[in-house]
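Q: Pasting the sequence and the predicted coordinates here, then a few questions.
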2 protein chains.
Amino acid sequence: MVTADVVLFTIEGQKLAVLLIKRKGKPFQGMWALPGGFIRMGEELGHAAIRELKEETGVGSVYLEQLYTFGGVKRDPRGRIVTIAYLALAPRHIMRLNASYDAVDVDIFPIDNLPPLAFDHKKIIEYALIRLRNKIQYTNVAWSLLPSVFSLGEIQKVYELIWGKHLDKRNFRKKIISLGILKKVSAVRSGLRQRPAQLFAFKTKKYTELRRFF
Amino acid sequence: MVTADVVLFTIEGQKLAVLLIKRKGKPFQGMWALPGGFIRMGEELGHAAIRELKEETGVGSVYLEQLYTFGGVKRDPRGRIVTIAYLALAPRHIMRLNASYDAVDVDIFPIDNLPPLAFDHKKIIEYALIRLRNKIQYTNVAWSLLPSVFSLGEIQKVYELIWGKHLDKRNFRKKIISLGILKKVSAVRSGLRQRPAQLFAFKTKKYTELRRFF
DNA sequence: ACAAAAGTGTTGAGAGTACACCCATGC
DNA sequence: GCATGGGTGTACTCTCAACACTTTTGT
């Protein structure tokens, strides 16, 4: 028996947050858990992950990568169930939360304030967070958490939330610009009672790895 | 149906090499493949990998890490079989090759001269190689390929074989020593017709990650 | 005028890279 | 004496980290 579970990170309310569902079925009925389910016959592994996400969020194209396979003999009281965990990233505004047939509720929780979780899902989320913190050092995946245009302040905030620490503004800007993966767009963000910010977009949203990123 | 397959790298004949078995059973009978097999009920995933390795090499304690889970619908002609691939490392001299009940032969092949392989095992080996090349940059796993004492020339050779390129001797020595993970042993390697080499051992063989290694 | 985020350069320290010669031994 | 790998230091470049003030807007 093989399942796919997905750790979908997003940014909400100035926090790094994760999507959870409240389980309708047993075991752990009524408890919060990662979205996931059995892989169907003839279904590609990654497709099962996307299918589960789409049921809960309406979103079908997000950044997705295989994280790790958890197969501890005792992780599921029903018996030996192996789960292939996926890491997903999406900007908050494209999601429409909607409890599907296997959930009574869906919500997004900041990672520093998670409810009690079913199975070994807490461990899976911790593992995903480590992967994310490393991955944004040498790839451009953090773009998956941002809208298509954004200010330098906003992208810096994403890094700060993921690493949980403050970064120097001048050094951050120097580095992110020297990478050559951003382009200015002609618009600025104004209307706030502060100096308008130059907006940027990524030259490409294709996944790229870079030698020593941050 | 879930299997575990193992990519065991070692150094043999001044080459980076991988352990393969010649399959006794169908499908791909008589073809070379990675050692592996079905995970038993109630068996931990990593244990299945070690069990398979032990059958073929007699070696039970080697460096082992989960690599990736391959589940392409068409990867096995018998039907949907998901395999959890493992990366293993061991020094050549501790292995005693011995074809077990599911193999008619066992051998070690240099990675630049592999025979045709069953299933998607070529892809799995390529994936493992990428992981290994990255991993030795920021961890001490390369120690798993060396005997317990070795000269600086020998450890440099391991890095060169894995990366497939020559490294500067002085810079390599400076760095590896500055990491502070090696200790001199009192012995030297002599008896060759050349200047005797100071031998070293690792202070610890415990897996450790280091910020920017090489 | 004030609050709030945007924007901008320099300096010092440490790491990385390139590079060439002598040493100890066995045959 | 020669072949073989062992052993050693310096100079340059580049990257990283620390650090503070002015600008533009809305209220």
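A: Alright, I've got the coordinates.
Q: The longest strand along chain A to strand B:2-12, inter-axis angle?
A: The single longest strand within chain A, with elements called by DSSP state E, is strand A:2-12. Strand A:2-12 and strand B:2-12 are oriented at 80 degrees to each other (axes from the mean of the first three to the mean of the last three C-alpha atoms, to 10 degrees).
Q: which residues in chain A form helices?
A: A:45-57, A:121-138, A:152-163, A:169-178 (DSSP state H).
Q: per-residue confidence at the residue most central in space within chain A?
A: By C-alpha atoms, centre = their mean, the mean C-alpha position of chain A lies nearest to A:Phe9, the distance being 2.2 Å. Model confidence at A:Phe9, given as pLDDT, is 98.
Q: Mean neighbour count and distance to DNA strand C added to the helices of chain A, as JSON lines?
A: All C-beta atoms are positioned from the backbone trio N, CA, C, and that covers glycine. Listed next are those as JSON lines, based on neighbours: other C-beta atoms under 10 Å in any protein chain shown; distance: least, C-beta to the nearest atom of the strand, whole Å:
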{"stretch": "helix A:45-57", "mean neighbour count": "21", "distance to DNA strand C": "28"}
{"stretch": "helix A:121-138", "mean neighbour count": "18", "distance to DNA strand C": "15"}
{"stretch": "helix A:152-163", "mean neighbour count": "17", "distance to DNA strand C": "3"}
{"stretch": "helix A:169-178", "mean neighbour count": "12", "distance to DNA strand C": "3"}
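Q: Out of the ones you listed, the one nearest A:Thr83 is which?
A: Checking the helices of chain A against A:Thr83 by C-beta to C-beta gives helix A:121-138 as the closest, at 8.0 Å.
Q: Check whether the closest one comes near DNA strand D.
A: No: figure legend: helix A:121-138 not in contact with DNA strand D (C-beta under 7 Å from any atom of the strand); closest approach 9.9 Å.
Q: Contacts for that helix next, please.
A: Here helix A:121-138 makes contact (C-beta atoms under 8 Å, 6 or more residues apart in numbering or on different chains) with A:5, A:7, A:9, A:18, A:33-34, A:67-68, A:70, A:83, A:85, A:87, A:89, A:111, A:114, A:117, A:141-142, A:159, A:162-163, A:209-214.
Q: Could you do stretch A:52-64 as well?
A: A:4-6, A:8, A:19, A:21, A:35-37, A:46, A:49-50, A:86-90, A:94-103, A:106, A:141, A:144, A:207.
Q: Just the buried residues of those.
A: A:4-6, A:8, A:19, A:21, A:35-37, A:46, A:49-50, A:86-90, A:95, A:102-103, A:106, A:141, A:144 (16 or more other C-beta atoms under 10 Å in any protein chain shown).
Q: Can you give me the neighbour number for A:Met1?
A: 12 (other C-beta atoms under 10 Å in any protein chain shown).
Q: and what of A:Leu64?
A: 19.
Q: got it, and A:Gly30?
A: 12.
Q: Now do it, the pLDDT please.
A: In this prediction A:Gly30 is given a pLDDT of 97.
Q: next one: the one 10 residues further on
A: The score at A:Arg40 is 97. That number is its pLDDT.
Q: Could you list the paired strands of the longest strand of chain A along with their orientation?
A: Here strand A:2-12 has these sheet partners by DSSP bridges: strand A:15-23 (antiparallel), strand A:36-38 (antiparallel), strand A:82-89 (parallel).
Q: now the angle between helix A:121-138 and the last one, please.
A: Which is strand A:82-89. Using the same axes, to 10 degrees: strand A:82-89 against helix A:121-138 is 40 degrees.
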